[in-house]
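need coordinates for the following:
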Amino acid sequence: MRFIPWGVRSVVAILSALYFAAHAESVTYNAQVGDEARLSTVDIVSVEGQPCVSLKKLLADLGGQLRVNENTVQVSLRNYSAKMTIGDTTVWAAKEFTMQQPPRIFENDIFVAVGDVTALFVYAFNVDIKTGQPDQPGAPSLPSGRKLCVVIDAGHGGADPGASGQGAITEKDIARAIATQVAKLIGQVCQPKFTRSEDESLSTEKRVGIANGSPKGDVLLSVHVGTSNSKTANGFEFFCPLGSSDATAAKSLALARSMSNAMSESTGLMPRGVRQVPCRIFTGLQMPGVLVEVGFITNPTEEQLIANPEHQQKLAQGIANGIIAYATGKTQ
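Numbers count the residues shown, from 1 in each chain. Have a look, this model is predicted:
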């Protein structure tokens, strides 16, 4: 059994509860889940007098699952699982341990105390999780008078339409429309550079070559739409190169998180998160890179939304705001 002295646990839990109750209505957790960086912002809710957060929301953002059978809560994340009982502080995992507060049922959801979140995810799932936004690099260092060169890659094109849904519009159409608007919106602060501005087919290698070529880009943004076997999958998400200590990977994460936050504000929609994954567009790329999937074309409702020019404008505005914040060192 992993033991934490009761005195230490009590002080930490009380201080955490007082801090969050006085200073915030929500809390942001950034976590390293295997090779992926995940971010979750959850509301703080008072349950039986304790500041708590939704375990279901946290797990959804971090890629885990939760099942409830009567009073038993079964939680899984990565290759780990844990079991809890409503009203009981004991957590049965690879190593049994005790939380300060028991999990509680509130409004058909499972809530855990704010002060117990870190211990739960570290001990049960071996996940490095911290409160607050991750450390962000400052503004990119550029020669005086030079703008940040942003390579904008509209996915697919020409004979390669990309994904499609039930309507006539295809991924290449949506990607090009949004890419064009992003370039216009960032033009005063950044120097946009297209991999393709026409409806043409380009190999991934060609796109990377254009990005690395003169004038060499400082960052790359690749625009796509998402697909899923589930017709209910929805939302936008970002992908970055793998790496935890690599400077380029850190800058990619900073850029992706800046855009994700800004898109959430511009669209009013919740992001699906930022993930570090091996994408072909990052292979050989000599700069930070981000791939965004702006929505699921396989979801009939979202297909209509991302085909709507007004919504495309909101997506482009969010992407542009995130890029400008990154370029000026104002990422949050």
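
CA atoms only for the host helix or strand of Leu253 - export them in PDB, please.
Element membership for Leu253, per DSSP states H and E: helix 247-267. Extracted in PDB, the C-alpha atoms of helix 247-267 (Å, rounded to 0.1, in the frame of the first residue of the first chain):
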ATOM      1  CA  ALA A 247      12.700  22.400 -28.200                       C
ATOM      2  CA  THR A 248      10.900  22.100 -31.500                       C
ATOM      3  CA  ALA A 249       8.300  19.800 -29.900                       C
ATOM      4  CA  ALA A 250       7.800  22.200 -27.000                       C
ATOM      5  CA  LYS A 251       7.300  25.100 -29.500                       C
ATOM      6  CA  SER A 252       4.800  22.900 -31.500                       C
ATOM      7  CA  LEU A 253       2.900  22.300 -28.300                       C
ATOM      8  CA  ALA A 254       2.800  25.900 -27.400                       C
ATOM      9  CA  LEU A 255       1.500  26.900 -30.800                       C
ATOM     10  CA  ALA A 256      -1.100  24.100 -30.800                       C
ATOM     11  CA  ARG A 257      -2.400  25.000 -27.400                       C
ATOM     12  CA  SER A 258      -2.500  28.700 -28.300                       C
ATOM     13  CA  MET A 259      -4.700  27.900 -31.400                       C
ATOM     14  CA  SER A 260      -6.800  25.400 -29.500                       C
ATOM     15  CA  ASN A 261      -7.600  28.000 -26.800                       C
ATOM     16  CA  ALA A 262      -8.300  30.700 -29.400                       C
ATOM     17  CA  MET A 263     -10.500  28.400 -31.500                       C
ATOM     18  CA  SER A 264     -12.600  27.500 -28.400                       C
ATOM     19  CA  GLU A 265     -13.200  31.200 -27.800                       C
ATOM     20  CA  SER A 266     -14.000  32.000 -31.500                       C
ATOM     21  CA  THR A 267     -16.400  29.100 -32.000                       C
END
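
next, the buried residues of that helix.
The neighbour-count check on helix 247-267 (16 or more other C-beta atoms under 10 Å) flags 248-264, 266-267 as buried. For the C-beta atoms, the positions are set from N, CA and C on the backbone; glycine is no exception.

which residues are in contact with the residue lying closest to Val219 once chain neighbours are set aside?
For Val219, ignoring the flanking residues on the chain, the nearest one in space by C-beta to C-beta, 6 or more residues apart in numbering is Pro288 at 4.9 Å. Residues near Pro288 by C-beta atoms under 8 Å, 6 or more residues apart in numbering: 218-220, 241, 248-249, 251-252, 255.

same thing with Gln191?
Gln191 makes contact with 146-150, 215 under the criterion C-beta under 8 Å, 6+ apart.

quick check: the farthest pair among the residues you listed?
Spanning the widest gap among the contacts of Gln191 are Arg146 and Val150, at 12.5 Å by C-beta to C-beta.

compare those two (neighbour count), which wins?
When Arg146 and Val150 are compared for neighbours, Val150 comes out ahead with 28 against 10, by other C-beta atoms under 10 Å.

let's see the pLDDT reported for the more buried one.
With respect to pLDDT, Val150 has a value of 98.

name the helices or strands packed onto the helix or strand that contains it?
Element membership of Val150 [criterion: DSSP H and E] is strand 148-154. Applying 3 or more C-beta pairs under 8 Å, 6 or more residues apart in numbering; DSSP states H and E, we find strand 148-154 packed against helix 171-186, strand 190-194, helix 204-212, strand 219-226, helix 309-327.

rerun that using 7 Å as the cut-off
helix 171-186, strand 190-194, strand 219-226 (3 or more C-beta pairs under 7 Å, 6 or more residues apart in numbering; DSSP states H and E).

got the contact list for the longest one?
Pointing back at helix 171-186 there. 150, 152, 154-157, 160-164, 192, 194, 199, 223-225, 294, 297, 306-307, 312-313, 315-317, 319-320, 323-324 (C-beta atoms under 7 Å, 6 or more residues apart in numbering).

and this protein, what are its domains?
Domains of the chain are assigned by automatic domain parsing as 6-131, 148-327.

deepest of those, which one?
Ranked by mean neighbour count under mean count of other C-beta atoms under 10 Å, the domains of the chain are led by domain 148-327, which reaches a mean of 20.

what's the distance between that one and the middle of its chain?
Relative to the chain's own centre, domain 148-327 is displaced by 13 Å; criterion: C-alpha atoms, centre = their mean, to the nearest Å.
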